[in-house]
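Trainee: Provided below for reference: sequence and predicted model.
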Amino acid sequence: MEALRPDLSDAEFVAAMPKVELHVHIEGTLEPATLFDLAEANGIALPYDSPDGVLEFQTSQKTAGTENLTNFLNCLDISRGVLRTADDYRRMTLDFLRRCRAEGVRHVEVMFDPQQAIRQGVPFGDCMEGITQGRAEGRRDHGVRSEWIMCFQRDHPADEAYALIAEADPFRTEIVGIGVDNFETPGFPAHFQPTYDRARERGYRLTAHCDVNQPDSRQHIRACIEDLGVERIDHGLNTVDDPALIDLVFERDIALTGCPTFYAGQESAPIERLDMIRALLDSGIRISLNTDDPAQFGSGWINNTLVAAMQSAPFSRAEIVRFMQHGIDSAWIDDDYRLELTAELDAFIHGG
Ligand code: ADE
Ligand code: ZN
């Protein structure tokens, strides 16, 4: 069968495709140059000599497998430690939405970690004001629509998460859903049950990270679905290891947000992850492709990730479009907007 849009190279095809992204952490979009600016403005000493040092250090901390989540998060902690004011959050948000426009992203759902902000002296309300302002400016100046997901850090007290659900009431219209991220600690996810129940009562959409190849990944995925009642799982690739779990994810129509790239300077995506993603796609599960922490991984923005996945797996152009349609179908948006995005994607593949 002839490839879609034979008039375009792979890179042109991906760049021109109207895109959505559902799994990206705002703190992971901080670019090394901005990091240095913010560190200087906030009087924070970084353990690097120059912006290049950020990715060099991170790369040196990573091992070849996927078990490097802990190392990555330790590096990320150094970077996100420079965020100290509401305006830092505004600037980071606006920079990212400008980047989305350049990448051809139409709609993005972005996670943020309020506990990190609070620990660093940015009160929750200030963090929300910064994001809210950046979000509005991004929509106005760059035409990118964004929804925001409040993520709780699994290695910090669940009581903090529970309290934040009520503290967020004044910002209810700015936050579409909740999730959990950071280190996957023992006991997860049971101790977040009250938080998820409280969020559900308020009408928040629910997701949770189940990172790749973590201890008890499969049990965590099952418990997030059966107990917390999530509609999406961030990563969740270990679903593929268990036929009963594949059935559960499929039957409950749970969306997975896969992230194929995670190394600095990566032109290709690791084959182990791609094999998992391929098997999940082939089993009919609604999986999308996303960047996670594009600047902090150093793995590049969404177009780079899609081309890397497409050429490494390999995936056909039709399969890349399927991933994108899964993203549109899993987005937390109203049906009119979903139809509009679907029509745009359709027009693109037919040469529009
Ligand atoms: N925070 C940022 N990226 C993350 C990831 N992949 N897993 C858990 N927490 C994160
Ligand atoms: Zn993530």
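Mentor: Structure's in. What do you need? Residues are numbered from 1 along each chain as shown. Ligands and ions are numbered 1, 2, ... in the order given.

Trainee: residues of this protein that sit close to ligand 1?
Mentor: 25, 28, 69, 181-182, 209, 211, 292-293 (CB under 6 Å from any ligand atom). C-beta here means a position set from N, CA and C on the backbone, and glycine is covered the same way.

Trainee: against D335, how distant is R80?
Mentor: 35 Å (CB to CB, to the nearest Å).

Trainee: now R154
Mentor: From R154 across to D335, the span is 33 Å (CB to CB).

Trainee: which one of the two is surrounded by more residues?
Mentor: R154 (21 against 7; other CB atoms under 10 Å).

Trainee: just give me how far the lowest-mean-pLDDT helix or strand in the chain sits from the chain centre.
Mentor: Least confident helix or strand, the chain: helix 51-61 with a mean of 82, by mean pLDDT, DSSP states H and E. Mean-position distance between helix 51-61 and its chain equals 21 Å (CA atoms, centre = their mean, to the nearest Å).

Trainee: surely V20 is in contact with D329?
Mentor: No: using CB atoms under 8 Å as the test, V20 is too far from D329 to be in contact (9.7 Å).

Trainee: the two: which is more packed in?
Mentor: For V20 versus D329, neighbours defined as other CB under 10 Å are more numerous around V20 (26 against 15).

Trainee: list the contacts of the closest residue to ligand 1 within the stretch 1-150 of the chain.
Mentor: As assessed by CB to the nearest ligand atom, ligand 1 sits closest to H25 within the stretch 1-150 of the chain, at 4.2 Å. Counting by CB atoms under 8 Å, 6 or more residues apart in numbering, H25 touches 110-113, 151, 181, 292-293.

Trainee: for it, what are phi and psi?
Mentor: Torsion angles at H25 (phi, psi; degrees, to the nearest 10) stand at phi -100, psi 130.

Trainee: contact partners for whichever residue of the chain sits closest to ligand 1?
Mentor: The chain approaches ligand 1 most closely through D181 (3.5 Å), counting by CB to the nearest ligand atom. Residues near D181 by CB under 8 Å, 6+ apart: 25, 111, 113, 151-154, 209, 234.

Trainee: would you map the helices across the stretch 101-250 of the chain?
Mentor: For the stretch 101-250 of the chain, the helices defined by DSSP state H, counting those that start in this stretch occupy 114-119, 124-142, 158-167, 193-201, 217-223, 243-251.
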